[in-house]
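[1] sharing a model prediction with you, sequence too.
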Amino acid sequence: MATTALPENILGAAREVRRADIVIGIPSYNNVRTVAHVVRAAQAGLAKYFPHFAALIVNSDGGSTDGTREAVLSTEIEDAHLLLLSSPLLPVHRLSFPYHGIPGKGSAFRMIFRIAQELEAKACVVVDSDLRSITPEWFDLLARPVLHAGYDFVAPYYHRHKYDGTITNSVVYPLTRALYGLRVRQPIGGDFGLSARLIARYLLRDDWETDVARYGIDIWMTTIAIAEGFRVCQSFLGAKLHDAKDPGADLSAMLHQVVGSVFTLMQEYEWVWRAREGSQPVDLFGFRFDVGLDPIEVNVERMLDAFRSGCEELREVWALALRPDTHAALRKLGCEVARNPQFHLDDELWARVICEFASAHRKWPLERGHLLRSLTPLYLARVASFVIETQSLFSAQVEERIEHLCLCFERLKPYLLAQWNSDARTERKVNP
Amino acid sequence: MIGTLQQVLERALERLSALMTTYLPPLLAGLAIVLVAYGIALAARWLLTRIFKGIAADRFLRQSGISSVLTRSGRLHATRLVAAGAYWSILLVGLLTALSAFDSQLTSRMIEAMVFLFPKLVIAAAILVAGLWLAQYLSRSALVWAFNEGLPWPRRLAAVVRIVIVLAAVAVAADRLDFGRNVFLAAFVVLVGGAVLAASLALGLGGREAVRRYLEERASRREGEGERSLWSHL
């Protein structure tokens, strides 16, 4: 069982509040430009939709130096401008503190969950602190299914640009859906609604000091909720627009942590995903609507260059993970990059690459870091192929393409099992 | 004359008889010991292969990458390793025991040397294997890091890392064996130190402009990428 002790000063501050039915958690790090908007949206959402609930807004900060915490504590909103039907009976408290542990969103969440548990909150909603498109309705859509419909985990459902969320669209959504049999469209959305029961389960885990503490936290939360049989649903939140303050984010580290977390959890929940076939839709709440989105430019040439270089430079590392025929197919594609303006990495080849890397991640524990970081050029090739293929398509058509990819992953589940089992079969041959 | 010939022949036969009396019994005893040791070695190998379930050791050897260092196929079976180790160890002990049957100074010195050398050989072999494994692991780390950072010639950098670590392992193993200790150490220092000195001189004398241009291009490429790639991966 994990120890989840809160520092005394934070515990004392939380106990002054005594209780809260809803806890809104906002992890942050140098988000002074956007956090005030998020806090105002939270305050308005609580006043408008949960006026009779005791609530607490908790900001778990990673040591911001730009005045983020001060912005959280000083933001005000005038109830008169909200046109409320009823006045809030209970005040919304706010708490802002620096979190302890490995720097990353996961450590921030752990503190938030601990406070929610301490205050016996019925629901906890966590949202990113750099959201520009967040509205008060988000908090209703993420908390109400927990409070009034008995769900444990509410995942977000966004309307996103076709080139947005490419790790989700290329890897995490198709793989998670094929493994665990639930069509949670945004498994690493970042904005979730959680029940007290699920929070208690998270706090009992002892892997908070791993990649879970960083980019892996979202997929970790989603996988545990699905694999352990908690009630899962989705809520349509509209567009998701982030503050573009960190455009040079380390893609290799992001892939490493997110995909690494998926692969690690596959080993833990092998007994769950082995038995599941196909996938089921998940309840979706909220009113769906389309919104206009800012265009996104993607440098396809740079991605293809990275892939071509990877075929040459990383072949020794890829040979650890890939079967000879898969490796040969990728090398052939790498040679054709310069000649073929319509580069295409087909769904089945991509699914095989992911399945083989997942098996290799289990088979070579000491090489996991190398394998995951070497996935970057392959991922860029897949994204480049997707961008070329969907250039002239509308978002509904793009969604059909993604659905096609997901069905390919589901169809290749026996292939994944065969790769996974080949390790066990080799041992039995050696020692009959 | 016939008498002289007879005397010579008799003396020769006496010498031969003395030699055979001195060396034949220990030779026969040595052969018998070697045969017995061979039989025991075969039996030990058979028994260990049957009773030793080395699944956990096989998995460790494979997952750690040690088996890929020692064999091309990357499949090293602990059972066979242990059985072969026992076989050759028993055979070696048998040979040494057979040699000791001659009870001469030469054979005693040979046995002493082998007994003292054997543990050092084992440690040196372990150092070499560990060095090879570390070289493989760190060269892969360097390769993947250099590639993701966009550095030029990542494979060459990985090869340099591998060579330096292997050289260091060879120098340490030679030091363990007291074998050309100073030679290997000097060679290591000269090679690595010389390479560093040569690289510093080359960079200082002729490469400053090239490095500055490279760093500027990298910085402007990163900024350009930052402005262009305003898209969310997650």
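    Now that the structure is in, tell me what you want to look at. Numbering: from 1, shown residues only, chains lettered A, B, ... in the order given.
[2] look at residue A:278 and tell me its secondary structure.
    coil (DSSP: H, G, I helix; E, B strand; the rest coil).
[3] can you give me the helices in chain B?
    B:2-51, B:55-64, B:66-70, B:78-100, B:105-148, B:154-176, B:181-202, B:208-228 (DSSP state H).
[4] just checking, residue A:14 touches residue A:94?
    No: between residue A:14 and residue A:94 there is no contact under CB atoms under 8 Å: 11.7 Å. Bear in mind the C-beta positions are built from the backbone N, C-alpha and C, glycine included.
[5] need the overlap of contacts for those two.
    Common neighbours of residue A:14 and residue A:94, counting by CB atoms under 8 Å, 6 or more residues apart in numbering or on different chains, are residue A:56.
[6] that older thread, need the helices of chain B in TSV (columns: mean neighbour count, mean pLDDT and distance to residue A:171).
    TSV is the format used below for the helices of chain B (neighbours: other CB atoms under 10 Å in any protein chain shown; pLDDT from 0 to 100; distance: least, CB to CB, whole Å):
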stretch	mean neighbour count	mean pLDDT	distance to residue A:171
helix B:2-51	12	86	44
helix B:55-64	17	69	24
helix B:66-70	19	69	27
helix B:78-100	17	81	36
helix B:105-148	16	86	17
helix B:154-176	18	90	24
helix B:181-202	12	77	40
helix B:208-228	11	65	22
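[7] could you dump those helices to TSV with distance to chain A?
    Output for these, formatted as TSV (distance: least, CB to the nearest CB, whole Å):
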stretch	distance to chain A
helix B:2-51	10
helix B:55-64	5
helix B:66-70	9
helix B:78-100	7
helix B:105-148	5
helix B:154-176	5
helix B:181-202	21
helix B:208-228	4
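[8] got JSON lines for these, with distance to residue A:404 too?
    Formatted as JSON lines, those follow (distance: least, CB to CB, whole Å):
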{"stretch": "helix B:2-51", "distance to residue A:404": "52"}
{"stretch": "helix B:55-64", "distance to residue A:404": "36"}
{"stretch": "helix B:66-70", "distance to residue A:404": "38"}
{"stretch": "helix B:78-100", "distance to residue A:404": "46"}
{"stretch": "helix B:105-148", "distance to residue A:404": "30"}
{"stretch": "helix B:154-176", "distance to residue A:404": "35"}
{"stretch": "helix B:181-202", "distance to residue A:404": "52"}
{"stretch": "helix B:208-228", "distance to residue A:404": "29"}
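[9] out of those, the one nearest residue A:291 is which?
    Proximity to residue A:291 (CB to CB) singles out helix B:208-228 among the helices of chain B, at 23.5 Å.
[10] what about residue A:93, helix or strand, and which?
    When elements are assigned from DSSP states H and E, residue A:93 belongs to strand A:92-98.
[11] and for residue A:48?
    Assigned by DSSP H and E, residue A:48 belongs to helix A:35-49.
[12] got the angle for the strand holding residue A:93 vs helix A:35-49?
    Interaxial angle, strand A:92-98 versus helix A:35-49 (axes from the mean of the first three to the mean of the last three CA atoms, to 10 degrees): 150 degrees.
[13] what is the mean pLDDT for strand A:92-98?
    Regarding strand A:92-98, the rounded mean pLDDT is 81.
[14] what residues does it touch?
    With CB under 8 Å, 6+ apart as the test, strand A:92-98 has contacts from A:7, A:9-10, A:13-14, A:17, A:20, A:39, A:42-43, A:46-47, A:55-63, A:69, A:72-73, A:111, A:115.
[15] now list the buried members of these.
    For the contacts of strand A:92-98, a burial check counting by 16 or more other CB atoms under 10 Å in any protein chain shown picks out A:10, A:13-14, A:17, A:20, A:39, A:42-43, A:46-47, A:55-62, A:69, A:72, A:111, A:115.
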